[in-house]
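Peer 1: Structure for the following, please:
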Amino acid sequence: MHFKHPEILYFLFALIVPIVVHLFQLRRFKKENFTNVRFLKALSIQTRKSSKIKKWLLLTCRLLLLFCIINAFAQPFFPSKDNKNANNELYIILDNSFSMQAKGKKGELLKRAVQELLEETPENINFSLLTNSENYWNTDIKSIRATLQNLKHSASTFQLDNIIAKLKAHKSPYKKDIIIITDGIGLDQEQLKNVALKEVPIFIIPKAEQKNNVSIDSVFIAKTLDDFYEISIQLSGYGADFDPIPVSLYNNNTLVAKTTVPLDTSKKHINFTIPKQAFHGYVSIIDNGLTYDNTYYFSISKIKKTNVISIGEPAKNNFLSRIYTAEEFNFNTYTLSALDYNKIEDQDAIVLNELDEIPQALTTTLKSFVEKGGNLILIPSALGSLSNLNTFVSNFGNLKFNSVENTEKQITKINFNHPIYNSVFEKKVVNFQYPKTKKSFSLTSSNPAVLSYEDQSIFLTSTNNPIGKVAVFAAPISLENSNFQQSPLIVPTFYKMAMYNQNNGIDALNIGNNTPHWTEVSLDKDAILTVQGSDEEFIPLQQILTNKVKMTFNDFPEQAGNFKILRKKEWIENISFNYGRTESDLATANQSIFSDFKTTESIQSFFDTLQSDRTDNQIWKWFVIFALLFLITEMAIIRFVK
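Peer 2: Residues are numbered from 1 along each chain as shown. Okay, the predicted model is just below:
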């Protein structure tokens with residue numbers, strides 16, 4: 001037993017006072033004459049004995065009364081079993097990602113977690129709350145009540161290691177109690193290993209009852225007809241036994257098409273035909289799962305022709321004129337001697353088609369062209385010198401032409417994940433007519449290959465520059481050296497290389513993906529573009545080039561939707577943003593990864609355990625109660641004992 005004020009126990013010496021008073025009474029007896037005491041002898045003996053008993057009872061009660069009062073003021077207590085952590089700081093990490101929209105036994109997981117925090121968190125406890133994107137340090141439940149009630153789902157995924165890093169950076173001399181509320185979607189064993197803390201966190205893991213979910217994964221243009229687009233919508237089903245899914249297509253909030261689709265496979269494509277004109281809308285579905293992935297916003301810009309020129313011999317440029325058709329491109333060919341350098345700045349893409357020698361003046365001009373967002377395609381000449389080629393490509397990254405190989409090689413490997421072939425193939429092609437080359441250069445690059453030979457050497461690579469792109473072939477593709485022009489790969493390869501950074505397709509960016517967007521507009525040096533939606537407006541990071549502006553959005557906007565790009569108040573173009581679909585599969589929650597951590601059922605049980613383990617057992621109240629009992633007993637003895 002411990003005492004909060006042990007110095008008061010010195011007053012126990014005061015117990016001597018009632019002992020002295022009772023043993024050495026100082027009252028003088030008064031003599032009274034009486035005629036005959038013979039009849040009072042027996043009564044006198046009996047009265048004297050009762051008086052002694054009463055005196056000892058009163059002495060005992062008074063000693064105990066004084067003892068209880070002194071102990072009550074000293075405030076004795078039994079220390080709690082976890083009293084060494086009584087001063088710990090409390091940190092609550094709350095997962096507010098979109099997977100917490102799932103329904104549990106008592107409703108939506110996030111709403112239920114917030115409600116429990118509001119109801120069960122003691123008002124006298126200070127804590128810090130960390131969510132996916134926001135931090136609230138050293139607060140209490142009264143101060144943060146309105147914030148919790150208005151807490152929205154975050155477009156940022158739940159990255160526990162990043163949140164723990166923020167927590168560690170928040171220096172404090174005290175130990176930490178950490179409670180983590182998450183459904184576990186997106187967490188893996190590796191991420192939990194990085195949670196290196198002295199204080200082991202406690203997890204509350206709400207579970208979804210309904211794990212079936214349907215998601216709109218993407219929207220893309222499947223076919224471009226004379227007057228129409230055929231757009232394809234990809235749905236993904238997670239779970240089994242789905243009801244038919246209603247799918248609706250809206251343009252500027254006006255319903256333009258609707259259908260119902262049976263989801264008989266995990267992946268489903270639905271096609272709609274729309275007029276070949278600007279589009280600014282969304283596609284939506286209705287299901288019983290998560291709601292954040294039921295809407296996909298997208299925009300289709302008004303068609304702008306892409307400016308492309310090819311520098312080389314006219315005979316070798318014929319195949320390009322069949323790819324870069326007048327419907328979508330302004331395509332021109334020039335020989336090196338007839339090239340007007342002033343026209344280069346106005347182009348979107350330039351093809352150097354088997355030039356035997358690349359002049360230094362052209363190198364300097366093309367370097368500036370790429371730095372301002374232009375796309376460059378280099379097809380080497382079999383007669384070109386290694387030194388001239390390497391001098392040229394050294395301006396665009398870690399590229400190098402090595403020795404010439406006079407060996408016929410087949411092109412057998414396609415990098416389906418490269419942006420050039422993104423959404424080109426519905427499935428990976430394994431068996432196709434392999435193109436080949438008779439003579440090629442050995443090419444090394446720090447960037448991954450787009451197309452590779454059978455010996456894994458590079459046939460086509462592309463730089464990963466943040467602005468303009470440079471695609472480099474390892475061999476001439478003229479008919480004398482290769483049959484690549486007859487390959488089915490020729491059209492999508494050159495089409496996509498020229499269309500880098502062009503907005504003639506579907507504009508639909510994922511929030512937080514940091515994919516740059518290019519807007520064709522000429523701005524003054526101090527001018528800026530703003531992005532405006534129905535509920536928010538922001539200014540993205542932007543780089544002004546000659547006739548384009550490169551914009552990077554980071555974590556903006558906060559909400560998915562359709563937006564407008566404005567110069568002051570002048571409309572420039574439309575753009576759309578969506579949430580990433582990384583949390584659509586609720587079955588990925590793996591409960592076993594938490595086996596090495598403490599878990600609890602609810603916020604209430606956590607605080608109950610915390611209070612029982614860390615609250616001292618105060619017993620001074622019992623001494624007050626006993627003091628009152630002894631006082632009542634003393635009064636009873638005085639009144640009733642004779």
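
Peer 1: Now for this structure, the helix or strand with the poorest mean pLDDT.
Peer 2: When the helices and strands of the chain are scored by mean pLDDT, DSSP states H and E, strand 617-618 comes last with a mean of 64.

Peer 1: Return the set of buried residues in the helix or strand just after it.
Peer 2: Sequence-wise, the next helix or strand downstream of strand 617-618 (DSSP states H and E) is helix 620-640. Within helix 620-640, the residues scored as buried using 16 or more other C-beta atoms under 10 Å are 620, 623, 626-627, 630-631, 633-634, 637. All C-beta spots, glycine's among them, are computed from the backbone N, C-alpha and C.

Peer 1: Quick check: the farthest pair among those residues?
Peer 2: 620 and 637 (25.8 Å; C-beta to C-beta).

Peer 1: can you list the weak-confidence ranges in the stretch 351-500 of the chain?
Peer 2: 422-432, 466 (pLDDT under 70).

Peer 1: in it, which spans are strands?
Peer 2: 375-379, 399-405, 409-414, 436-437, 440-445, 449-453, 458-462, 470-473 (DSSP state E, counting those that start in this stretch).

Peer 1: One more: the stretch 151-300 of the chain?
Peer 2: Going by DSSP E, counting those that start in this stretch, the stretch 151-300 of the chain shows strands at 176-181, 202-204, 213-224, 228-238, 245-251, 254-261, 267-275, 279-285, 295-300.

Peer 1: can you list the weak-confidence ranges in this structure?
Peer 2: 2, 24-50, 77-86, 194-199, 422-432, 466, 501-504, 611-618, 642.

Peer 1: Run through the helices of it in chain order.
Peer 2: Taking DSSP state H as the test, the helices found in the chain are 16-23, 41-74, 109-120, 145-149, 160-169, 189-193, 318-323, 360-371, 386-393, 490-498, 603-614, 620-640.

Peer 1: The chain - how does it break down into domains?
Peer 2: 2-79+618-640, 88-208+599-615, 229-300, 306-486 (automatic domain parsing).

Peer 1: Distance from the chain centre to the shortest one, please.
Peer 2: When you say that, I think you mean domain 229-300. Mean-position distance between domain 229-300 and its chain equals 25 Å (C-alpha atoms, centre = their mean, to the nearest Å).

Peer 1: for stretch 224-243, same thing?
Peer 2: 27 Å.

Peer 1: same deal with stretch 399-409?
Peer 2: 45 Å.

Peer 1: Likewise for stretch 211-228?
Peer 2: For stretch 211-228, the distance to the chain centre is 25 Å (C-alpha atoms, centre = their mean).

Peer 1: List the buried residues of that stretch.
Peer 2: Applying 16+ other C-beta under 10 Å to stretch 211-228 flags 211-216, 218-219, 221-222 as buried.

Peer 1: that older thread, among the strands of the stretch 351-500 of the chain, which is nearest residue 545?
Peer 2: strand 375-379 (12.9 Å).

Peer 1: what angle sits between that closest one and helix 386-393?
Peer 2: 170 degrees (axes from the mean of the first three to the mean of the last three C-alpha atoms, to 10 degrees).

Peer 1: Which residues are in contact with residue 515?
Peer 2: Residues near residue 515 by C-beta atoms under 8 Å, 6 or more residues apart in numbering: residue 509.

Peer 1: Many thanks, we can stop here.
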